[in-house]
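this one's sequence-less:
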């Protein structure tokens, strides 16, 4: 296997559209959040309502007739909703909340699939001044009950089917819940104790003004990982719109005529920040697909809808890689100009796959539910180092640090591993964990937000993910990041995915073990196992390479698509796996 170069050089002058972030150093040096607010027409001390910025301000311009949402149903039917119509529908949902007597700042939970009603309800609730909390539609009853209870839900919007299958048995256990709005199918009747969403919307007025929310008024409630206990409710404010706009401009390079597709479900923070808000703040057309992943369907959407900017997840990219090159060849994508990835680190092999299959590399980036938006990224105009998260976006001061109790030491030496830290103050920084003040305070020390992610920064300022602090393997005095080992194993053409854990070893403390799933057409066996072991030893050295490899059909994932290394470890050690319905991950 030929060794690939360490850097994919930017193609200066070959962009389909001139990038917003053409000069990184100059933009970083001149950047201010006040200037971003000015681009959105907001001045110091003025009201800032993210739904008004996303839809209402366009409804007063010629862009009112531009398609805001291009919604693709499960059977392929396409519905187009203009900015003007979306603003009207959002205003009507805000009127519904007012009619029901919902208070400003109270929480509206959305248990819906990727249909237009989800976007209308989210924007309408934000416009009204309520706090929006989208839920993943695949949640079972217990995760729903937990989140509705922790979030003091006042309103739940869902479908007849989801209500009967998921929520009907638990809503009586949520004392704060007063109103359940149900979208019925066909001529169906809303279940007893619920309200008919469409009937309420048909009587609602669109005349009311958007709430004059202050920048620090709460707007979004996202529940992040429950993998180490109950889920955490991260609260974000209306000022986060500045972050969504800025990162849509610089990290995703959105221009006004783009057709944008974010594949994330709005039940996760990515699907809200970049599936709903960022594209609307830029006035672009968003593709919304109701159906689940299917390689053929996804390539067809990219082709037929002439998607120009695509934001997806490493899990989806690996599944496309596993499907082979033939579906990509059947559906040419002449309009596509930029692809980015988020959710977990992107293996270098996937970056190269993008270059070879799509015609340009996948641009990885890093952020968390707590950050509310992209903090570090590989932007269009910059060189890419496959496997790197990229460099900090304008407006951020980041560092690698070492913490000891309440003391934080910044590590200035390149390529030294430590915890990734961010100087507080960006607009979408979470303002608290709901009902957990002490837990929130522990995220900050020494003037830094401490992410809990281990990383290193190289001499060029690029950041490299090592692993979550609780994922790192300690073997014979070495600290080994699973991602590094997984990335090397994926260099072999037979490997679709890899998951790496540490298992107890009497001599080394922990031994590195890998679980590998294969691409179609490859067969597991000793010959392949030995080949992978040899590849890992050559690329990583004997101290870091796995000592054992097991072949598996699939790897366990969270509901948001991340590999569940802890579940691999529990199975390996014969420990109880517990209630995996709570292990759904965050951003």
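Everything's here; your move. Keep in mind the model is a prediction, meaning the values are calculated, not measured. Numbers count the residues shown, from 1 in each chain.

residue 357 in helix, strand or coil?
Under DSSP: H, G, I helix; E, B strand; the rest coil, residue 357 falls in the helix class.

show me what contacts the nearest residue to it once chain neighbours are set aside?
Nearest non-adjacent residue to residue 357, counting by C-beta to C-beta, 6 or more residues apart in numbering: residue 328, 5.2 Å away. Every residue, glycine included, has its C-beta placed from N, CA and C. Contact analysis of residue 328 by C-beta atoms under 8 Å, 6 or more residues apart in numbering lists 299, 320, 357, 358.

host element of residue 328?
Taking DSSP states H and E as the criterion, the element that holds residue 328 is helix 326-330.

so how far is that helix from its chain's centroid?
In this view, helix 326-330 has its centroid 27 Å away from the chain centroid, taken as C-alpha atoms, centre = their mean, to the nearest Å.

now stretch 467-487: how far from the chain's centre is it?
23 Å.

hmm, who's touching it?
228, 345, 347-349, 387, 417, 419, 452-454, 465-466, 498-502, 505, 507-512, 514, 536, 540, 543-546, 565.

and the end-to-end length of that stretch?
In stretch 467-487, first residue to last residue: 12 Å (C-alpha to C-alpha, to the nearest Å).

equivalent analysis for stretch 105-118, please.
19 Å.

for the protein, longest helix please?
helix 83-99 (DSSP state H).

for the helix or strand just after it, packing partners?
Next along the chain after helix 83-99, taking DSSP H and E as the criterion, comes strand 107-111. The elements that strand 107-111 packs onto, with contact taken as 3 or more C-beta pairs under 8 Å, 6 or more residues apart in numbering; DSSP states H and E, are helix 116-128, strand 131-135, helix 141-150, strand 153-159.

from residue 310, how far out is residue 370?
In this view, residue 370 and residue 310 are 25 Å apart by C-beta to C-beta, to the nearest Å.

likewise for residue 352?
From residue 352 to residue 310 the distance is 17 Å (C-beta to C-beta).

ok so residue 499 is a strand residue?
Yes - under three-state DSSP, residue 499 falls within a strand.

name the SS class of residue 291, please.
coil.

if I look at it, what pLDDT would I see?
The per-residue pLDDT reported for residue 291 equals 95.

on the three-state scheme, the residue nearest to it when sequence neighbours are not counted is what?
In space, residue 291 comes closest to residue 74 once its chain neighbours are excluded; the distance is 4.8 Å by C-beta to C-beta, 6+ apart. What three-state DSSP gives for residue 74 is coil.

hang on, residue 74 packs against residue 297?
No - applying C-beta atoms under 8 Å as the test, residue 74 and residue 297 come out as separate, 9.9 Å apart.

residues contacting residue 387?
345, 346, 347, 348, 351, 464, 487 are the contacts of residue 387 under C-beta under 8 Å, 6+ apart.

what is the neighbour count of the nearest residue to the third one once chain neighbours are set aside?
So the one you mean is residue 347. Leaving out its chain neighbours, the residue that sits closest to residue 347 by C-beta to C-beta, 6+ apart is residue 487, at 4.3 Å. When counting by other C-beta atoms under 10 Å, one arrives at 24 neighbours for residue 487.

what of the one 4 residues further on?
Other residues lying near residue 491 total 18 when counted by other C-beta under 10 Å.

quick revisit: what about the longest helix of the chain, distance to the chain center?
Averaging C-alpha positions (C-alpha atoms, centre = their mean) puts helix 83-99 26 Å from its chain's average.

now for that helix, which elements pack on it?
For helix 83-99, the packing partners by 3+ C-beta pairs under 8 Å, 6+ apart come out as helix 57-59, strand 67-72, helix 116-128, helix 197-203.

give me the angle between the helix or strand hosting residue 247 and helix 116-128.
Following DSSP H and E, one finds residue 247 within helix 240-250. Angle between the axes of helix 240-250 and helix 116-128 is 130 degrees (criterion: axes from the mean of the first three to the mean of the last three C-alpha atoms, to 10 degrees).

compare the contacts of residue 328 and tell me which is most surrounded.
residue 320 (22 neighbours).

report pLDDT for that one.
pLDDT, residue 320: 93.

and it, how far is that from residue 501?
Residue 320 is 25 Å from residue 501, by C-beta to C-beta.

also residue 471?
Residue 471 sits 8 Å away from residue 501, going by C-beta to C-beta.

overlap in contacts of those two?
By C-beta under 8 Å, 6+ apart, residue 471 and residue 501 have these common neighbours: 482, 565.

these two: which is more packed in?
Each of residue 471 and residue 501 has its neighbours counted (other C-beta under 10 Å); residue 501 has more, 25 against 19.

now the more buried one. Nearest residue, chain neighbours left out?
Using C-beta to C-beta, 6+ apart, the closest residue to residue 501 is residue 569 (4.6 Å).

so that neighbour sits in a helix?
Yes - according to three-state DSSP, residue 569 belongs to a helix.

for the remainder of this discussion, apply numbering that starts at 26.
Shifting the count to begin at 26 puts that one at residue 594.

so it sits against residue 528, correct?
Yes - between residue 594 and residue 528 there is a contact at 7.2 Å, judged by C-beta under 8 Å.

so this protein: which segments form each domain?
The chain is divided into the following domains under automatic domain parsing: 49-482, 496-607.

mind checking which of those is nearest residue 33?
Closest approach to residue 33 among those (C-beta to C-beta): domain 49-482, 4.4 Å.

ends of that closest one, how far apart?
In domain 49-482, first residue to last residue: 17 Å (C-alpha to C-alpha).

quick one, strands of the stretch 176-325 of the chain?
For the stretch 176-325 of the chain, the strands defined by DSSP state E, counting those that start in this stretch cover 178-184, 204-208, 220-221, 243-249, 257-262, 284-287, 310-314.

how about a markdown table for those strands, with distance to residue 424 and mean neighbour count added?
Supplementary listing: the strands of the stretch 176-325 of the chain in a markdown table, determined by distance: least, C-beta to C-beta, whole Å; neighbours: other C-beta atoms under 10 Å:
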| stretch | distance to residue 424 | mean neighbour count |
| --- | --- | --- |
| strand 178-184 | 38 | 25 |
| strand 204-208 | 46 | 23 |
| strand 220-221 | 50 | 16 |
| strand 243-249 | 22 | 24 |
| strand 257-262 | 22 | 24 |
| strand 284-287 | 29 | 24 |
| strand 310-314 | 35 | 24 |
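
want to throw those into TSV with distance to residue 485?
Listed next are these as TSV, based on distance: least, C-beta to C-beta, whole Å:
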stretch	distance to residue 485
strand 178-184	47
strand 204-208	51
strand 220-221	57
strand 243-249	31
strand 257-262	32
strand 284-287	29
strand 310-314	34
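
what about the strands in the stretch 476-612 of the chain?
488-493, 498-500, 503-505, 520-530, 534-543, 573-576.

for the contacts of residue 353, which one is nearest residue 61?
Of those, the one sitting nearest to residue 61 (C-beta to C-beta) turns out to be residue 383, at 30.3 Å.

I'd guessed that closest one sits against residue 362; true?
No - here residue 383 does not reach residue 362: they are 10.0 Å apart, not a contact under C-beta under 8 Å.

just the pLDDT for the residue nearest to residue 220 when sequence neighbours are not counted.
Distances taken as C-beta to C-beta, 6+ apart place residue 206 nearest to residue 220, at 5.1 Å, with adjacent residues excluded. If you check residue 206, the pLDDT there is 98.

for residue 206, which residues make a bridge with it?
Counting by DSSP bridges, residue 206 is bridged to residue 182, residue 220.

from the centroid of the chain, which residue is nearest?
residue 295 (3.0 Å; C-alpha atoms, centre = their mean).

list the contacts of that residue.
By C-beta under 8 Å, 6+ apart, the neighbours of residue 295 are 287, 289, 336, 338, 367, 368, 612.

distance of the first one relative to residue 101?
Spelled out, that is residue 287. Here residue 287 is placed at a distance of 20 Å from residue 101 (C-beta to C-beta).

okay, now the closest residue to residue 398 other than its chain neighbours: neighbour count?
Residue nearest to residue 398 in three dimensions, not counting chain neighbours: residue 268, with 4.0 Å by C-beta to C-beta, 6+ apart. A total of 27 residues lie near residue 268 under the criterion other C-beta under 10 Å.
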